[in-house]
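S.K.: Mind looking at a prediction? Sequence and model below.
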Amino acid sequence: MNGMTFEAIAARIAQVCDEAMVVRSENGQPFVRVPAAALPRVAALLRRDPALLCDALMDLTGYDRLKYPGNEASPANDAIAVVYLLFSQQHHHRVMLEVQAPRALCSVPTVSGLWPAALYFEREVFDLLGVQFVGHPSLERILCPDDWVGHPLRKDYLYPAQYHGVPHLREGQHFDGAPRRQGDPEPTPTPAPTKKGHP
Amino acid sequence: MTIEAITLGGERMQLNMGPHHPATHGVLRIRVESDGEIVSSCIPDHGYLHRSIEKIGECIEWPMFVPYTDRVDYVCAMNANLAYCVAVEKLLNTDPATAVVVPRRAECIRVLVAELNRISSHLIAVGAMAMDVGAYTPFLHGIAQREHVNDIFEKLCGQRLTYNYVTVGGVAFDLHETASEEIASFLDQFEKEMVRFNKLITTNTIFRDRCANLAVVTAAEAIAWGLVGPNLRGSGVDWDLRRDEPYGLYGELGVRVPKGERYAGRKGAVGDCYDRYIVRLLEIQESVRLCREVLKLLPPAAGKANDPIGGHQADVSKVLKRPPKGFVHCRTEAPRGEMGYFLVSDGTKVPYRVRVRTGSFSAAGIFHKVMRGIFLADVVAVIGSFDVVVPEIDR
Amino acid sequence: MAVADLPKPGNDPHEQIVLTAVDEFLAWGKENSLFYLLFATACCGIELMQAGGPRYDVDRLGMIPRATPRQADLMIVAGTITHKMAGVVRTLWEQMTEPRWVVSMGSCANSGGPFSKWSYSVLNGVDKYVPVDVYIPGCPPRPEALIDGVMALRERVRRYRTMGVRDRDPHVVQGADCRFGSHPGKPEPQA
C-alpha cells in the first residue's frame, strides 16, 4: 500500500469543497461527509486528479438512519445515507464518502458518468432505499418487480399485504416483529392485479 | 469473433432469454434485440431470485446471519461464510474491548476449506461454460470431481452445499482425524484428472476459436465497470485481495496470481472469454498448491476449542451481544471476485445494516455493453465466461 | 397386475403375448420415462445438477432433462420462488402437456424455508401457484432424497388413469403425497 493517507485525501477534497467534513464513526472508521450539491465536484476530483485517481468504485450503497441510536439530536436524523467506497487501482488507496439525503426530498446527483459501475449500484439503492439519482440514464427498479410498492430497506417499511393476490404471511407487520400499531400507515396498498405470467 | 454492430436494414427481432433458460445459470432474464444473427441490444432483467437477504440481516442476530451467507452464493458457500465472518471480526477488532483472536488452527482450516470450495466452484464455472458452448462431457467430469469435494465437506460439517461451517471466531467443528490424508489424496487424484479435463476441452481448437476475441474487456474498462476477481484478472489487471490485502493466513502463503495474457494466441485478445476461462483454470492450480501448503502448516489439535494455537473456535458469544457501534467495510476474495461486506452496527446484538457487494452483480452490469455486436449464439458463452451466479446478483 | 410384474416371455410364441389394461400399459410407460423440465432457481438446482451427474445418474430411472416445458412430464421446482418468479412458474406449468407432475424440492419451494419468516419477497410455498404432487424436505435435499421423492411420485404415476375418470383438475390444488410429514390433502381417489 503506497497510496495517499486518508488525511491527505481529505485535505485535497477540502480544497474543492469547503463543506466537506471529515468524520470518524464511533469505532474510528474515517470518512468524508459531502453535501449532495458538492458531490459531482468531489467525485470528479477523486476520479480524475492524477494524484488521487480513484478509478474503481468498490461499492455504492446506503442505509436508513431513521432508527440509528444517538441520532435523535442531529437535524438530519431521518436521512438516508448514501455511501461511496472508492479505491485506486493505480495508487492502492481508498476513501469513503457519505452523502446524506433528506427523507422527504431524497435525491442525490448520479456518479454513473464517472464510474459506469454505478449504473447498477444506483439502481439498486433507488430500488431498496428510494434515493433518486438525478441524471441517471435509466433509473428503474432492479431487484423488486416494477409494480412493487415501497422501498424495502427503509426502516419504516412494512410488510406488504399481498402481491398479485397472494397474501403475505406477515401482512402489514413491522420488521422488528411488532404487530401493527395505532397510527401506522396503511399497509402497502395492493396494486391492481396485472396479467399473471410472463410480462 | 466480434463483429461491429452493423445495420442490415432488416426487421429487428425481440428475443426473450430466460428467466427459465438452461444456459443462464439460474433465473436470469435477458431481453435481446437482434438484427439477424447479431445482437443489437441486450437488457438484463434481474430480481427473479431477490430473497431480501440484506433485509433479513437487519432482523436477526449477528451469528444467525451466517447460514444466509450460504445462500448468497451457494456455489462457494465456504467463501461466502468466510467473507461475512472476517467482516464481523474486523468490526469487533475496531474496539480492543471486543477484539477476537482466531486460533491459528482455525485460520488454517478456513484457508483449506475456502480453497477447496474455490476449486469446486471454478469446476462448475469452467464446466458450465463448456456446456454452454456445446461440450457436455467436460461438465460431467467437473461434477464428478465436485462430488469428491462435497464428500470431504460432508464429513467435516454434515452438509453438501450450504455448510454454515465458518463461524465468527473460527470454524464450527475441528477437522476429523483422517481429513488431512483424505484431502491430500483428493488433490493428487484431482491433478491427474485436470490433465484429462484440459485435453478434453481447454486445448480443443473449436472451443478456443469460439471463445477467442469474444466480448473483450480492456483493463481500464474492467476497473471502471467494477469487475472483480477472475473477470478483472482475465482483463490483465494484476490484483488479488488474497495477496494485496491479505486476510487470515493468506499473508503467509504468498499467493501467486494469474492474469489474462492473450492465451488464445494470435486470434485472441487480452480480456476475451478464453482469457477469463484460462484464469479460472490457473486459479484452480494455485488453489491446489495453497491447500498443500496449508496442510503443512496445520498445527495439531489442542483438544480445547479456544486454544490460541490448536483450537478451532474462539469464544465470541459475549462480544457478539455488544459489538462496537459504528461501521466497517471489509472485502475478501471469493471465487466470483471481491465479496465486500459493509456492516453498520448500532451496538446491539442485531446488525443495523448488512450490505453484500458481490462480483456477479457488477459482472451483470457490463452485459449490455459487451454483448452489443456479438452473435446471438455467443450470448450464452459470454454469460458463462463471466461466471455469474444469480443469487449473487439478486441476493 | 402391472406390466412390470408379468413373467418374461419365453420362446413359445404364445408366451410372447402380454395382455393388460390400456391404462396400466400407459402408466407403465409414463412411470419409466419421467422427462423433467430443466428448471432450477436456487441452491437446490446445484443438487439437481449433481443428481443428473455421474454418481447419482437419474438417467437410469428414465429421467432425462428437457429444456422446454412442452416436452416435459415433470417439473422439479428446485429452489426459492419469489413473488416475481411465481407467475413464470405458473406459465411454465401451463405450458406442460398433461398429464403433468410437480415435485417441490427443498424447504424454500415447500414453504419458503429459511426465508419464510423475515423475507418480504419470497413466496411461502410454490403450491400457492401450482399443484404439487410430492414435497421433498431439506435445505437443500440430498440427491438421494430427490430420488426418493421421485420414487414416491412414480407410485402416484402408476395409479394415474388415462382412459378412466380424470382425477386431476388442473386448477385445483389436490391431495399430495408427503413422505415425511402429515398428509396435507385429501387421499387419491382409487380407480
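M.R.: Looks like it came in fine.

S.K.: okay, and for chain C, where does confidence drop off?
M.R.: Within chain C, the stretches with pLDDT under 70 are C:1-11, C:13-16, C:164-191.

S.K.: That one against chain A: which residues are in contact?
M.R.: Taking Cβ under 8 Å from any Cβ of the partner chain as the contact definition, chain C meets chain A at C:83-84, C:86-88, C:90-91, C:94, C:112, C:116-118, C:120-121, C:123-124, C:128-129. In this view, the C-beta of every residue, glycine as well, is placed from N, C-alpha and C.

S.K.: Quick check on these: which are buried?
M.R.: C:83-84, C:86-88, C:90, C:112, C:116, C:118, C:120-121, C:123-124, C:128-129 (16 or more other Cβ atoms under 10 Å in any protein chain shown).

S.K.: List the contacts of the helix or strand of chain A with the lowest mean pLDDT.
M.R.: Ranking every helix and strand in chain A by mean pLDDT, DSSP states H and E puts strand A:166-167 at the bottom, with a mean of 70. By Cβ atoms under 8 Å, 6 or more residues apart in numbering or on different chains, the surrounding residues in contact with strand A:166-167 are A:161, C:83, C:86, C:123, C:128-129.

S.K.: same for the helix ranked longest in chain C, what does it pack against?
M.R.: Counting by DSSP state H, the longest helix found in chain C is helix C:143-159. Under the contact definition 3 or more Cβ pairs under 8 Å, 6 or more residues apart in numbering or on different chains; DSSP states H and E, helix C:143-159 sits against helix C:22-31, helix C:43-52, strand C:101-105, strand C:134-136, strand C:177-178.

S.K.: Any idea which of those gets closest to residue B:192?
M.R.: Distance to residue B:192, taken as Cβ to Cβ, is lowest for helix C:43-52 among the helices and strands packed on helix C:143-159, at 21.9 Å.

S.K.: Just the CA trace of that closest one, in CSV.
M.R.: Taking Å, rounded to 0.1, in the frame of the first residue of the first chain, the C-alpha atoms of helix C:43-52 are listed here in CSV:
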residue,chain,number,x,y,z
CYS,C,43,-29.3,-23.8,-4.3
CYS,C,44,-31.4,-26.9,-4.9
GLY,C,45,-30.6,-26.5,-8.6
ILE,C,46,-27.0,-27.5,-7.9
GLU,C,47,-28.1,-30.7,-6.2
LEU,C,48,-30.4,-31.3,-9.1
MET,C,49,-27.4,-31.0,-11.4
GLN,C,50,-25.4,-33.3,-9.1
ALA,C,51,-28.3,-35.8,-9.2
GLY,C,52,-28.0,-35.8,-13.0
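
S.K.: Give the pairing partners of the helix or strand just after it; include direction for each.
M.R.: Sequence-wise, the next helix or strand beyond helix C:43-52 is strand C:65-66, with elements assigned using DSSP states H and E. Looking at strand C:65-66 with DSSP bridges, its partner strands are strand C:36-37 (parallel).

S.K.: And the contacts of the strand it pairs with?
M.R.: Counting by Cβ under 8 Å, 6+ apart, C:63-66, C:68-69, C:72-76, C:92, C:96 sit against strand C:36-37.

S.K.: tell me which of these is nearest to chain B?
M.R.: Comparing the contacts of strand C:36-37 against chain B with Cβ to the nearest Cβ picks out residue C:92 as the nearest, at 5.8 Å.

S.K.: Report the contact partners of that closest one.
M.R.: Contacts of residue C:92 by Cβ under 8 Å, 6+ apart are B:20, C:37, C:39, C:69, C:75.

S.K.: I'd like these laid out as JSON lines, including secondary structure.
M.R.: As requested, the contacts of residue C:92 are exported to JSON lines (DSSP: H, G, I helix; E, B strand; the rest coil):
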{"residue": "B:20", "secondary structure": "coil"}
{"residue": "C:37", "secondary structure": "strand"}
{"residue": "C:39", "secondary structure": "coil"}
{"residue": "C:69", "secondary structure": "helix"}
{"residue": "C:75", "secondary structure": "strand"}
